[in-house]
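Peer 1: Here is a sequence together with a model predicted from it:
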Amino acid sequence: MSARQPVTLSCLVALLLAATAGTAAAQADIVGYWGQPGQGVSFAQRGRNNTNYNEDAHERQEGPLLVDYLGVPLNEEGRSRALTYDSALLGVPEHVCMRHPSTYSFWGPAQLRIAAELDANLDVVHYTVGGTFRRADRTIWMDGRPHPSAYAPHTWAGFTTGRWEGGTLITTTTHIKWGWIRRNGVPSSDQATVTTYYTRNGDILTITWIVYDPLYLTEPYIKSADFIANPGGVNVAAFDVEPADQGNNFFALCFPREEIATQERHVVPHYLPGENPFVGEHAGALGVPAEATLGGAETMYPEYKDRLTR
Amino acid sequence: MTPFQNARTSPTPLARLTGGAGTMAAILLATAIGLAAQAPAQTPRPVPGDPPIPAGELEVLKVQGNVWMIAGAGGNIAAQVGEQGVVLVDTGAAGVSDRVLAALRTITDRPIRYIINTSVAPQRVGGNAVIAALPGGSLAGAERGAIISVIAQENVYAKMSRTGPDGQPLYPVAAWPSDGYYAPQRGLIFNGEAIDIIHVPGAFSDGDSLVYFRGSNVLVSGNVFTTTHFPLVNRSEGGTFAGSLEALNRMLDITVPDDLAEGGTYVVPGYGRISDEADLVEYRDMATIVRDRLRKLVTTERMTLAQVKEAHPLLGWEGRYGRPEWTVDMFIEAVFDEFAPAPARPAGRR
């Protein structure tokens, strides 16, 4: 990491938060329903109207292209792990029901319901943020409790504590399971932590999160997503289990099951080093060298484009 | 008398293994020990070292149901606790037994009735000599009572009763298992809960057991699964990487996750944090990918050990699971032979 990169990063975060903080000077009310910018259209109905995820819609619905790590500050370990990814893994029974972890969940399809649990003094004990895809609902503890022991279980949502700074709720999440930061196999480790900023500006809730992963990233990975107030409610059930994803909101739980009748037991689809057939495919479509799509901190910054054009 | 020995009235070694009734078992065991003694010496391979033991009090965590985890005692210890007493799965490293007992006393004052050793690793059996010798298994200082039954797969007994270079047993008699099992699986009911003790051959060693508490829905893995190390394989004790992977898949056959791949069956690993099936899947996936990478490099491309190390077949997990006591290189050196093709036979000798 060069000496100027942390400065660049800090400036980016500061600018982003300043732009989204508006004039709020006190705690904002984040409780309620929060939908995607395209009002009233759920993920389950996307076939009829695909405009609700107008912010990075392709990435957040269909998902990113394979071996597209551009802009992800992967180190060698992270890149090696990412290149093993074979999407057939999603058909392995043990993988079928896994939820989006907190390193990723706001970036996937999501419509949120945020609730607050109050104590006798009407102070917030915790917020619950539900409605991300596969429902790794996040509890944000506001009562000052410590994070659990290093020996405690990790969950897809992780363990989150929060505090208000002006009009922004800042949370820290630890104890997250291994997972991903993009849905094309870019990994996150169980050592990753996430700092999340919830900033309300009128009817817009901007959620910005920063993933720190000492095992797979050389720099923090920053993403944001906007949600709009939707007092009429959101279709949270659409993000629970697969039958509901198809628009059938019947009760169902998700347990491991075979999706491929002929699959041998305990198979783990993956690519060996040098054998991932998708390396270069996306790069070819973009007209850039394959190395650009393999990520790395340098691919996060504008000057990388200059390097490609030289 | 060594510091490990005690004045407890102890059955003879073979009787301890067989629960005092297995004449045939004793004969079989003696035969096995004799055969083992005649086996040719193997090339020394790295063996997993001892992880550091943190100072201070050990940490006690409720897993679920009747099962607790005591962390930091060299390796993790599981305790099933109820009115009948305590089942202790492993006893931790030598030298920390007082801390283990202090930790247990924060959970219960009921006596220890069973110890189940999941392997012969020093972090699994190191506390046997002290804890198994507690009169009546008492945590409250009783001076008499029923002897704790120490259950283990038969090979654990065979290894613990070996003699060292000084001609003395590696472990004092008091530490040896008193109830060896030979079948693929042993069961008992304690505190109203069925407990499966399942032999997984050739994993960390040739005497590994998984312990599954059915009612609590907690699986204890011993050295077969950790959240901290690459698969622990002690080749000199009969362990293999292939067996380790098979044991991990066996564990997955036992665990059932709750809705959306979280919770359900919890796993107490040999080292590291309390886990569920998703954590186990992550580890099994890693082990499978590493196996396939090694198979390609060693078996297909016929690389030497040095070349394999240079190729970094564990890249993607080196920082996660490499530890000073079980480094990336130690792991590769330990399992390399499993993938090496058999040497070509001399011409004319078929």
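Peer 2: That came through, no problem.
Peer 1: can you list the residues of the stretch 251-350 of chain B near chain A?
Peer 2: B:252, B:256-257, B:259-262, B:266, B:272-279, B:281-282, B:284-285, B:288-289, B:292-293, B:296, B:311-312, B:315-320 (C-beta under 8 Å from any C-beta of the partner chain). Where C-beta positions appear, they are placed from N, C-alpha and C, glycine not excepted.
Peer 1: And for the closest residue to A:Val234 other than its chain neighbours, the neighbour number?
Peer 2: Leaving aside its sequence neighbours, A:Val234 sits nearest to A:Gln111 (C-beta to C-beta, 6 or more residues apart in numbering or on different chains; 3.6 Å). Residues lying near A:Gln111 (other C-beta atoms under 10 Å in any protein chain shown) number 25.
Peer 1: Could you check which helix or strand contains A:Gln111?
Peer 2: strand A:110-118 (DSSP states H and E).
Peer 1: Check the offset of that strand from the chain's centre.
Peer 2: 17 Å (C-alpha atoms, centre = their mean, to the nearest Å).
Peer 1: do the same with stretch A:152-172
Peer 2: 14 Å.
Peer 1: quick one on the thing from earlier: which pLDDT value belongs to the residue nearest to A:Val234?
Peer 2: For A:Gln111, the pLDDT comes out at 85.
Peer 1: now A:Asp306
Peer 2: pLDDT, read off for A:Asp306, is 88.
Peer 1: Would you mind listing what in chain B touches chain A?
Peer 2: Checking chain B against chain A by C-beta under 8 Å from any C-beta, the hits are B:59, B:61, B:69, B:71, B:227, B:249, B:252, B:256-257, B:259-262, B:266, B:272-279, B:281-282, B:284-285, B:288-289, B:292-293, B:296, B:311-312, B:315-320.
Peer 1: do that again at 7 Å, thanks
Peer 2: B:59, B:61, B:69, B:71, B:249, B:252, B:257, B:259-262, B:273-279, B:281-282, B:285, B:288-289, B:292-293, B:296, B:315-316, B:318-320 (C-beta under 7 Å from any C-beta of the partner chain).
Peer 1: returning to what we had before: show me the residues of the stretch 251-350 of chain B next to chain A that map onto strands.
Peer 2: Using DSSP state E, the members of those that fall within strands are B:266, B:275-276.
Peer 1: Same list (the residues you listed) but as TSV, adding distance to A:Tyr271 and neighbour count.
Peer 2: Shown next, in TSV, are these (distance: C-beta to C-beta, whole Å; neighbours: other C-beta atoms under 10 Å in any protein chain shown):
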residue	distance to A:Tyr271	neighbour count
B:Tyr266	32	23
B:Ser275	26	27
B:Asp276	27	23
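Peer 1: With adjacent residues omitted, what lies nearest to the residue in chain B positioned nearest to chain A?
Peer 2: Chain A sits closest to B:Gly316 of chain B, with a gap of 3.7 Å, by C-beta to the nearest C-beta. Excluding the flanking residues, the one nearest B:Gly316 by C-beta to C-beta, 6+ apart is A:Arg81, at 3.7 Å.
Peer 1: the helices in the stretch 1-150 of chain A, which residues?
Peer 2: A:4-21, A:57-60, A:76-83 (DSSP state H, counting those that start in this stretch).
Peer 1: and these, which one's lowest on average pLDDT?
Peer 2: helix A:4-21 - the lowest mean pLDDT of the helices of the stretch 1-150 of chain A, at a mean of 51.
Peer 1: where does chain A come near chain B, residue by residue?
Peer 2: Residues of chain A lying near chain B (C-beta under 7 Å from any C-beta): A:76-77, A:80-81, A:84, A:94-95, A:97-99, A:134-135, A:149-156, A:177-178, A:189, A:215, A:253-254, A:256, A:266, A:268, A:270, A:272-273.
Peer 1: Buried among those? Need that as a selection in ChimeraX.
Peer 2: ChimeraX command restricting the residues of chain A next to chain B to the buried ones, with burial defined by 16 or more other C-beta atoms under 10 Å in any protein chain shown:
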select /A:77,80,81,84,94,95,97,98,99,134,135,151,152,153,154,155,156,177,178,189,215,254,256,266,268,270,272,273
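Peer 1: Okay, and which of the residues of chain A next to chain B map to strands?
Peer 2: Per DSSP E, these never map to strands.
Peer 1: which residues of the chain score low on pLDDT?
Peer 2: No chain was given, so I picked chain A. A:1-25, A:38-55, A:236-252, A:310 (pLDDT under 70).
Peer 1: not what I meant, chain B
Peer 2: Using pLDDT under 70, chain B drops low at B:1-43, B:344-350.
Peer 1: Name the residues that touch the strand holding A:Gln111?
Peer 2: A:30-36, A:42, A:124-133, A:227, A:234-236, A:239 (C-beta atoms under 7 Å, 6 or more residues apart in numbering or on different chains).
Peer 1: which of the residues you listed count as buried?
Peer 2: Judged by 16+ other C-beta under 10 Å, buried ones among the contacts of strand A:110-118: A:30, A:32-36, A:42, A:124, A:126-127, A:129-133, A:227, A:234-236, A:239.
Peer 1: Out of these, name the ones that lie in strands.
Peer 2: A:32-35, A:124, A:126-127, A:129-132, A:227.
Peer 1: just the helices in the stretch 201-310 of chain A please.
Peer 2: A:242-245, A:281-286, A:303-309.
Peer 1: swap in the stretch 1-150 of chain B?
Peer 2: Under DSSP H, counting those that start in this stretch, the stretch 1-150 of chain B gives helices at B:13-18, B:23-38, B:97-105, B:122-125, B:128-131.
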